[in-house]
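>>> got a predicted model here, sequence first, then my questions.
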Amino acid sequence: MKEIIVSVFLLIAVIDPIGTVPVYLEATKEFDRLHKRKIALRASVIAFIILLFFIVIGQIILETMEVSLEAFQISGGLILFLFALTMVFGDGKPEREKSQITDFKHVTVFPVAIPSIASPGAIMAVVLMTDNHIYTIQQQTVTTFLVLIVVALTCVLLLIANTIQEKIGSYGITVISKIMGLILASYAVQSILSGISNFFMK
């Protein structure tokens, strides 16, 4: 149970459902209510398919390239750490991704599905959390189900995005995003330390 709770918090940190809300609101501001709902649902499905692809195929790609688990843990941890730093010290996920919106006809895929929900950090995290050498098929199945739950949670938040924005405001969203960044940074450092430890224990 403890591992499941830790995994859920980690997935919430890397996917950052709250931080996705202002990106979605900006991307869909020219659409009516019906189209906004369709974009939220389709973007969530696309994001989950992308994450599922990396859960299933990600490690195979790495092993084909002869990348060791230790190297991937360390490099993945570094990337996650840098990603976390941008969440803590940068302008924040919402402002950075809102500035990338240029085509309102394709907002479902970009930037709502990618990189807002299925971010580089989320992709890296799900690959690390479903490593075949560490986790059993049952554990990987549970992790995949947890990814589905967090993406579904994100979808629900997008469907009620206008209400969320009115309740907590842009400052509240920024604060939550930075807290998620701190949690992610801790996980990233732990991944780096585990990779170094496993390398020297060979």
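Yep, it's here. If you're wondering where the values come from, they're calculated on a predicted model, not measured in any experiment.

>>> which strand or helix spans the closest residue to Phe72 other than its chain neighbours?
In space, and not counting its chain neighbours, Phe72 is closest to Leu62: 5.7 Å by CB to CB, 6 or more residues apart in numbering. Bear in mind the C-beta positions are built from the backbone N, C-alpha and C, glycine included. Taking DSSP states H and E as the criterion, Leu62 maps to helix 33-64.

>>> who does that helix touch, helix- and strand-wise?
helix 17-27, helix 120-129, helix 137-159 (3 or more CB pairs under 8 Å, 6 or more residues apart in numbering; DSSP states H and E).

>>> right, and those helices - which one's nearest Ser186?
helix 120-129 (12.7 Å; CB to CB).

>>> report the buried residues of the closest one.
Buried residues in helix 120-129, counted by 16 or more other CB atoms under 10 Å: 121-129.

>>> same question, stretch 50-69
Buried-residue list, stretch 50-69, by 16+ other CB under 10 Å: 50-52, 54-55, 58-59, 62, 69.

>>> I'd like the average pLDDT over that stretch.
Mean pLDDT, computed over stretch 50-69, is 84.

>>> what of stretch 3-13?
Mean predicted confidence for stretch 3-13 is 90.

>>> can you list contacts of it?
Contact with stretch 3-13 is made by 122, 125-126, 129, 142-143, 146-147, 149-150, 153, 180-181, 183-184, 187, as judged by CB atoms under 8 Å, 6 or more residues apart in numbering.

>>> can I get the CA coordinates of it in CSV?
The C-alpha coordinates for stretch 3-13 follow below in CSV (Å, rounded to 0.1, in the frame of the first residue of the first chain):
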residue,chain,number,x,y,z
GLU,A,3,4.5,1.8,-2.5
ILE,A,4,1.2,2.5,-4.3
ILE,A,5,0.7,5.8,-2.4
VAL,A,6,4.3,6.9,-3.2
SER,A,7,3.8,6.0,-6.9
VAL,A,8,0.5,8.0,-7.0
PHE,A,9,2.2,11.1,-5.6
LEU,A,10,5.1,10.7,-8.0
LEU,A,11,2.8,10.4,-11.0
ILE,A,12,0.8,13.4,-9.8
ALA,A,13,4.1,15.4,-9.5
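
>>> circling back to that earlier point, between the helix holding Leu62 and helix 17-27, how many degrees?
130 degrees (axes from the mean of the first three to the mean of the last three CA atoms, to 10 degrees).

>>> pull the distance from helix 33-64 to the chain's centre.
The chain centroid and the centroid of helix 33-64 are separated by 11 Å under CA atoms, centre = their mean, to the nearest Å.
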